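Colleague: Pasting a predicted model and its sequence here:
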Protein chains: 4
Amino acid sequence: MSVSTGREFLSIPGPTNIPDDVLGAMHRPAVDIYSGDLPHVTMSCLEDLKTVFATTGQTFIFAANGHGAWEAALSNTLSRGDKVLVLESGRFATAWGEMARKMGLDVEVLPGGPRRAVDPQAVADYLAQDAKRDPGQQIKAVLVVQIDTAAGVVNDIKAIRAAITEAGHSALYFVDVIASLGCMSFSMDEWGVDVAVAGSQKGLMTPPGLRFNAVSAKAMSAHERADLTTHYWDWTARLAPEHYNKYCGTPPEHLLFGLRKALDMLLAEGLDNVFRRHALLAGATHEAVRGWGSSGALELNIIEPQERAASVTTILLNEQHIVPLLDYARDNCNVVLGIGIGDYNGKAFRIAHMGYANAPMLLGTLSVIEMGLSALGVPHGKGVQAAIDFLAREVPAGKQHLGETGAAGEADAKSPETTTCAGQTCC
Amino acid sequence: MSVSTGREFLSIPGPTNIPDDVLGAMHRPAVDIYSGDLPHVTMSCLEDLKTVFATTGQTFIFAANGHGAWEAALSNTLSRGDKVLVLESGRFATAWGEMARKMGLDVEVLPGGPRRAVDPQAVADYLAQDAKRDPGQQIKAVLVVQIDTAAGVVNDIKAIRAAITEAGHSALYFVDVIASLGCMSFSMDEWGVDVAVAGSQKGLMTPPGLRFNAVSAKAMSAHERADLTTHYWDWTARLAPEHYNKYCGTPPEHLLFGLRKALDMLLAEGLDNVFRRHALLAGATHEAVRGWGSSGALELNIIEPQERAASVTTILLNEQHIVPLLDYARDNCNVVLGIGIGDYNGKAFRIAHMGYANAPMLLGTLSVIEMGLSALGVPHGKGVQAAIDFLAREVPAGKQHLGETGAAGEADAKSPETTTCAGQTCC
Amino acid sequence: MSVSTGREFLSIPGPTNIPDDVLGAMHRPAVDIYSGDLPHVTMSCLEDLKTVFATTGQTFIFAANGHGAWEAALSNTLSRGDKVLVLESGRFATAWGEMARKMGLDVEVLPGGPRRAVDPQAVADYLAQDAKRDPGQQIKAVLVVQIDTAAGVVNDIKAIRAAITEAGHSALYFVDVIASLGCMSFSMDEWGVDVAVAGSQKGLMTPPGLRFNAVSAKAMSAHERADLTTHYWDWTARLAPEHYNKYCGTPPEHLLFGLRKALDMLLAEGLDNVFRRHALLAGATHEAVRGWGSSGALELNIIEPQERAASVTTILLNEQHIVPLLDYARDNCNVVLGIGIGDYNGKAFRIAHMGYANAPMLLGTLSVIEMGLSALGVPHGKGVQAAIDFLAREVPAGKQHLGETGAAGEADAKSPETTTCAGQTCC
Amino acid sequence: MSVSTGREFLSIPGPTNIPDDVLGAMHRPAVDIYSGDLPHVTMSCLEDLKTVFATTGQTFIFAANGHGAWEAALSNTLSRGDKVLVLESGRFATAWGEMARKMGLDVEVLPGGPRRAVDPQAVADYLAQDAKRDPGQQIKAVLVVQIDTAAGVVNDIKAIRAAITEAGHSALYFVDVIASLGCMSFSMDEWGVDVAVAGSQKGLMTPPGLRFNAVSAKAMSAHERADLTTHYWDWTARLAPEHYNKYCGTPPEHLLFGLRKALDMLLAEGLDNVFRRHALLAGATHEAVRGWGSSGALELNIIEPQERAASVTTILLNEQHIVPLLDYARDNCNVVLGIGIGDYNGKAFRIAHMGYANAPMLLGTLSVIEMGLSALGVPHGKGVQAAIDFLAREVPAGKQHLGETGAAGEADAKSPETTTCAGQTCC
């Protein structure tokens, strides 16, 4: 017997829940690629992406999925045999390094731990050593991921930049913000990032199939000397003014219409509000896990609170419980949780709170996990109660979306609307 | 500051949450009304509605909203001056009676209380008296509502039929199942109902705009003598074989395509599963209110557990708290709760658990209410915890949708699928 | 072998082609009926309908199809036994009269011919006679249809009003504009119309399921004395300020969202432009039929050019050819034409050019008819050529949508946009 | 004044008209990438693509647009410095060669003319010469386009294979079928093609953003020795069994749901029927241009009838007329025609008849062109008439979609359905 009909709660770290308005914006006939709305959609998206990346540099949109934008970042700036440094943390920096190696780059790895963020001091030390080499043999680029969805960790991108600078090193600074852009603060120019790599299907609330590069002047300059560049990813070709050249082929129209709507929604909410919303949902999730774990079998993977990601939480659980819990949630309650991946496979599961998410979506998900823990006999404390208590404290009555005060007056003003039905026959 | 972006949780007793597949089925061009799919859609909906009403009688679909089907039921069977008996409970039977009075019928009311269902014995007594009158002056129809959404009450339709029979009375038996059809058991033929009145937008998960009558042979026979019949509602005209006549004008194509899909979904889930799902969600809601109220200010409107509706719960709360709570839920958390209506306005609010609903949707809603109670300082106990505990007991691990046992084997079979990603780069 | 995959060309006089934007506007979750957007949608639609009807009177929206709004018009204003005059032309005025008779009204009919509009002089004569009767026995309402889709005829509503006035008669003047509103000029107040009856699914480009009444002060005053009024159609109840009362039950939300978008589109195009577009498409159709018929078997049903409808054309054709032609168009070419109905069944077929229609939609349809005539061996002349020639004359180069001159300059300004791709690799 | 409201007629050679059912299939929430429907969608699409390519080789789906699949074909099979031969015809083979050159390949070009297909004999002669070189210096791959949309030309892929074989040459044979797949016959295995390159947005009726490779065993074998392979395009990585690896990152879910539906539609119609439909529409277009040009200014670009493409027609026209004609069609009639690109810019325009297209869509487009020629005073003959006459001959009455005979009987069987309304009140 189940209670699973009804909306699916998709709680995986990408693709994330797509707003109905974004799906609606994609539900339209194909359009001409030379006239009409489309060129404006492209140009305005490229411009608004600068706002989202907090940069005055160049932005690029690729029709690609997965790790295409990683390949774009590397191939546009480096040459065969160049040395790059990967800052290990979680799973994805390592995978980016594997891709680099396959492209003929010389990859060094600064090791990290499975439950910790990158240590900026270790980066400073490593690069200080490297800076003493022959410039021709120095590291050309440092690769790091802001939020790693496998570990649920967030790296301090600003502090790592400071470490590079402290080391007196001239390497390019590449940051994967695929799982953080639109979820937490990212200040490309202020933080001295040279190439930021992102995608459509997480914080940007759009179906998968679009990838982004944001590029600093220093990276554009390196691009001129790179010999790995191929036509499909080539930044230069995409800087030509004609609309057609922006995509090396037919623009991915429908995904662009979706992206346009999603950016409208993000900017209408206000990036600071978006980040605050993610912080609250992450905080509630952490409280819930602490509540469950205080007398039980669950534990947050990331040890230091300030190193926990705003968009996804990785939770350690005994292997024997993981598949039953995920099956219970999915089969009985229509809640899809994230499995542990890479080194975390069989050791953890994940709850995403990323993109188009709010309190009832998260609390419904957490409640179903607690149902599952009870039904499966996994020892646990009161997690949902902790999450509710946290959110009730953080979201006081009368505080409205934009943080106005004077809510009492507003509430009064609203009452007539909600009570017009007094004495009537309604439903 | 809010956590309100993200999906809206619509928790009002109609219109209810519409499945994406129903909306998708409506998103198509207009079609011819004489050829193609449409005539089949009409005929199969009329047929499947018989299954849903559990009748071998006639079914009718009206393009109408609100109380059109009430008017259809009365006008097709009665004549000016006929006497009808309204069984008061909540708000809607009374409103139906007001409509009857306006049509020129002579309306008597068997009074009921605001927190109770209709008492079948009182019906038996009333009708036994009436049966002694001159047949020409006797009550011609008894009007009752199965679930009244204002009170959150369910009436015992089978027991009321027994009361009519016990009284030896020949009145037609009219039942409004607008808020119960597709949410709980209704057996028109077995229970001796003559006209059942329903709509599309509650348990049937379709946008508002379609109304239904299911009609017994006895009512069809009364129809031949009725003088209130007008062309728009006329059953006889709609029994003509041509498709066009089924609707007295252009068929409401898009709503019909939605209804067709919704009926497919209901029947695929299985009506018994649908009813069990509603019972579980109602039970969880009642547990939550008991949990909140054990030390606080909230109380279930309906006193007797077996008289509480499966589709909506009416909760008494001090007036000063109602609007702030509903505003908090809506403005801060995107949860829309039902206001109290009629006599309950300013005295209660309502939680719908009707139609396309499941555990995380309900638990998310309940959690937000508890957030609001805390944030507003309304004294309350632990309601969400009670609801989770209840559902965890009722939905044990391994029990699947169709109630199979042997879930352990199934879970094993599934494991490979959810772990294919071991060691891979995912997201 | 066929060429029928690809878009269906729906060329029936209702429901008509629905713009993608209207379908898109309907593809959204259900919403609360007390707060949010919906009350504004209702009020703005009621207001914009006044613009479309060209009235300062009251407007009403009914969830109903077919002839519900006919019933509303009659039941709100008349009493049992009242006399009404039906001005026969085509099929629908007669049907309206049949409905009136069933409601207990005393119906007189001024006969008309199957290929002609109503003769205003005959109306004047008839009413002048009637005006001499005892006022209590005089005709209380005159019923006429502006465009009858069966005959393809348009009646001169302004001239008929003049005839009523000339006769010194005080009858209410009821006009069915179901197939003309949004297709041709209608000036309710200027022409002295008392109740106008319309629907959503023709010129208003919205799915079927909404019906409208526009009501003059004189008709509102008659409403106070009417005894046929029932609750569902009652204008008075719908004038109450609360949103809920506007619909006598749950508002038909999705149809309203569609209507809102359709009204936006109509008003953005400008009613005069809309009417000019319909006139051009009708003119092209008439030219095509003349072209086919000059040496052949087809003939326009309506003899006088000024009596031909702007929204639909009825074409006489020998019965043996009709079904084969319609089958050819539908089965081989995905073009759905209108059958002849009522007295025209087996004698005519129909081409609609109504609502969301333009030159290539019409010319594609006409071309397929000409294909069919050739393939079936039906003698005919060159109709499509005549339609193209007509439209080329009426739509000269450089004249833009809003009738600007100076198009050469505009075209120049546009050239760069359409030639940006010179020398590039496109598709 | 215009007649431009109403559906846009998109008549460009990609993206093409997307069926409503494909857009509908994309309008759904994001789904899990490890469980549920998605893995099946991927595997069934890869399998059905084999049917469409007529191959038993491997198929690959890339999230990419434009020329990504060109890059995939080259990078997976070749090494830096390898020699390739481009068979010039139109624009795209040349562009493919430019991409190859940028990747470090040694590109030779067999020149072609702007109004002719590739001459197989010239290929045979060229390769016979090459076959005499040191095997290490021989041409490794021959690149050709089946349909070039710039020229509107179709190359004889089978004959070119015969020429390669005749020359005794072992080069890989790469064919771009982007604008021909799903529009005309392509038999990869039978014709000895090694890599076929295609995309979603033309004959496959899906929005842009997916690219395909179909690969022979010989090409898979060459892949093992290639040194240009990068991770994103790597065939080997995508052959791993896990669903995730099929896309090198998050699967482009929504585009895949669209593709799934489009393949269902193509296979339901039957590929032979699809090709016949395209041949008829192309034939009608050629007739129309001949009709216009017999006394006028328009001419088919491709001289030999058998070298004209089934999916797009390129029409030579004096430069002064092109922009005015395209502006007229778009601004006054909502018909979007294709501009001339590459060497044809300013010399030609294009009519696409590709993918989801049928007779009324094409005839509406052709009619509007003829309107424009008249309105602009461009001398021309009767083209639409010629197209109608051609189609009426080719699509005789009674022949149904699947080529059944006995249509008279069928038509009879249908008659009752289309005449059910006799004597009724319809619309």
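Modeller: Nice, I can see it.

Colleague: what about A:His278, which SS state?
Modeller: Three-state call for A:His278 (DSSP: H, G, I helix; E, B strand; the rest coil): helix.

Colleague: What's the local residue count around it?
Modeller: Using other C-beta atoms under 10 Å in any protein chain shown, A:His278 has 23 other residues around it. Yep, even glycine has a C-beta here, placed from its N, CA and C like the rest.

Colleague: pLDDT score assigned to the residue most central in space within chain A?
Modeller: Centroid check for chain A by C-alpha atoms, centre = their mean gives A:Ala179 as the closest residue, at 1.8 Å. Looking at A:Ala179, its pLDDT reads 98.

Colleague: how much space is there between the closest residue to it other than its chain neighbours and chain D?
Modeller: Distance criterion C-beta to C-beta, 6 or more residues apart in numbering or on different chains; nearest residue to A:Ala179, sequence neighbours excluded, is A:Ile147 at 4.3 Å. From A:Ile147 across to chain D, the span is 15 Å (C-beta to the nearest C-beta, to the nearest Å).

Colleague: try A:Gly293
Modeller: Per C-beta to the nearest C-beta, A:Gly293 is found 25 Å from chain D.

Colleague: same check, this time on A:Ala375
Modeller: 20 Å.

Colleague: In this structure that residue contacts B:Ala397, no?
Modeller: Yes - using C-beta atoms under 8 Å, A:Ala375 is in contact with B:Ala397, at 4.4 Å.

Colleague: Now the common contact residues for these two.
Modeller: Common contact partners of A:Ala375 and B:Ala397 (C-beta atoms under 8 Å, 6 or more residues apart in numbering or on different chains): A:Tyr328.

Colleague: residue ranges with poor pLDDT in the stretch 201-350 of chain A?
Modeller: Nowhere does the stretch 201-350 of chain A drop to pLDDT under 70.

Colleague: how about 90 then?
Modeller: For the stretch 201-350 of chain A, applying pLDDT under 90 flags the ranges A:242-245, A:294-296.

Colleague: in chain A, which spans are strands?
Modeller: Remark: strands assigned in chain A by DSSP state E are A:9-11, A:58-63, A:83-87, A:106-110, A:139-145, A:147-148, A:153-154, A:172-176, A:195-199, A:210-215, A:299-300, A:312-316, A:335-339, A:348-352.

Colleague: just checking, what packs against the second one?
Modeller: Just to be clear, that refers to strand A:58-63. Here strand A:58-63 touches helix A:38-53, helix A:68-77, strand A:210-215, helix A:235-239, helix A:253-269, going by 3 or more C-beta pairs under 8 Å, 6 or more residues apart in numbering or on different chains; DSSP states H and E.

Colleague: can you tell me which residues contact the closest residue to chain C within the stretch 51-200 of chain A?
Modeller: Across the stretch 51-200 of chain A, the shortest distance to chain C (C-beta to the nearest C-beta) belongs to A:Ala63, at 13.3 Å. Contacts for A:Ala63 (C-beta under 8 Å, 6+ apart) come out as A:209-211, A:247, A:249, A:251-252, A:255, D:63-66, D:68, D:208-209.

Colleague: Buried subset of these, written for ChimeraX?
Modeller: To isolate the buried ones among the contacts of A:Ala63 in ChimeraX, judged by 16 or more other C-beta atoms under 10 Å in any protein chain shown, type:
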select /A:209,210,211,247,249,251,252,255 /D:63,64,65,66,68,208,209
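
Colleague: Of the strands of chain A, give the one that comes closest to A:Leu46.
Modeller: Of all those, strand A:58-63 sits nearest to A:Leu46, with 4.9 Å by C-beta to C-beta.

Colleague: Okay, angle between the closest one and strand D:210-215 too, please.
Modeller: Calculated by axes from the mean of the first three to the mean of the last three C-alpha atoms, to 10 degrees, strand A:58-63 forms an angle of 60 degrees with strand D:210-215.

Colleague: what is the orientation angle of strand A:58-63 with helix D:68-77?
Modeller: Counting by the same axes, to 10 degrees, strand A:58-63 lies at 80 degrees to helix D:68-77.

Colleague: got the buried residues for strand A:58-63?
Modeller: Going by neighbour count (16+ other C-beta under 10 Å), the buried part of strand A:58-63 is A:Gln58, A:Thr59, A:Phe60, A:Ile61, A:Phe62, A:Ala63.

Colleague: Among these, find me the one that's closest to B:Leu263.
Modeller: A:Ala63 (40.0 Å).

Colleague: Format the helices and strands packed on strand A:58-63 as a markdown table; extra columns: distance to C:Thr16.
Modeller: Below are the helices and strands packed on strand A:58-63 laid out as a markdown table (distance: least, C-beta to C-beta, whole Å):
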| stretch | distance to C:Thr16 |
| --- | --- |
| helix A:38-53 | 28 |
| helix A:68-77 | 45 |
| strand A:210-215 | 37 |
| helix A:235-239 | 44 |
| helix A:253-269 | 26 |
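
Colleague: Do a quick rundown of the helices in the stretch 301-427 of chain A.
Modeller: Here the stretch 301-427 of chain A has its helices, by DSSP state H, counting those that start in this stretch, at A:319-327, A:333, A:359-376, A:383-394, A:407-418.

Colleague: Can you list the low-confidence ranges for the stretch 1-150 of chain A?
Modeller: Across the stretch 1-150 of chain A, the ranges flagged by pLDDT under 90 are A:1-5, A:34-36, A:65-67, A:135-136.

Colleague: related to what we said a few turns ago, just give me the closest of the contacts of A:Ala63 to A:Gly113.
Modeller: Taking C-beta to C-beta as the measure, A:Gly113 sits nearest to A:Arg211 out of those, at 29.1 Å.

Colleague: So what's the residue count around the nearest residue to the closest one once chain neighbours are set aside?
Modeller: Of all residues not flanking A:Arg211 in the chain, A:Ala69 sits nearest, at 3.6 Å (C-beta to C-beta, 6+ apart). Using other C-beta under 10 Å as the criterion, A:Ala69 is surrounded by 27 other residues.

Colleague: Please apply the same query to A:Leu376.
Modeller: 18.

Colleague: quick one, what contacts it?
Modeller: Going by C-beta under 8 Å, 6+ apart, A:Leu376 touches A:His321, A:Pro324, A:Leu325, A:Tyr328, B:Ala397.

Colleague: Would you mind naming the residues that bridge with A:Glu299?
Modeller: Beta-bridge partners for A:Glu299, by DSSP bridges, are A:Leu316.

Colleague: Wait, it touches A:His286, no?
Modeller: No - look at A:Glu299 against A:His286 with C-beta under 8 Å: they stay out of range, at 11.3 Å.

Colleague: Between those two, which is the more surrounded one?
Modeller: Using other C-beta under 10 Å as the criterion, A:Glu299 and A:His286 rank with A:His286 on top: 20 against 16.

Colleague: Run through the residues that contact the more buried one.
Modeller: A:Leu300, A:Pro305, A:Arg308, A:Thr313.

Colleague: Mind checking which of the residues you listed are buried?
Modeller: A:Leu300, A:Arg308, A:Thr313.

Colleague: I'd like to know how far A:Met320 sits from A:His380.
Modeller: Quick fix: residue A:320 reads Gln, not Met. Between A:Gln320 and A:His380 the distance is 15 Å, computed by C-beta to C-beta, to the nearest Å.
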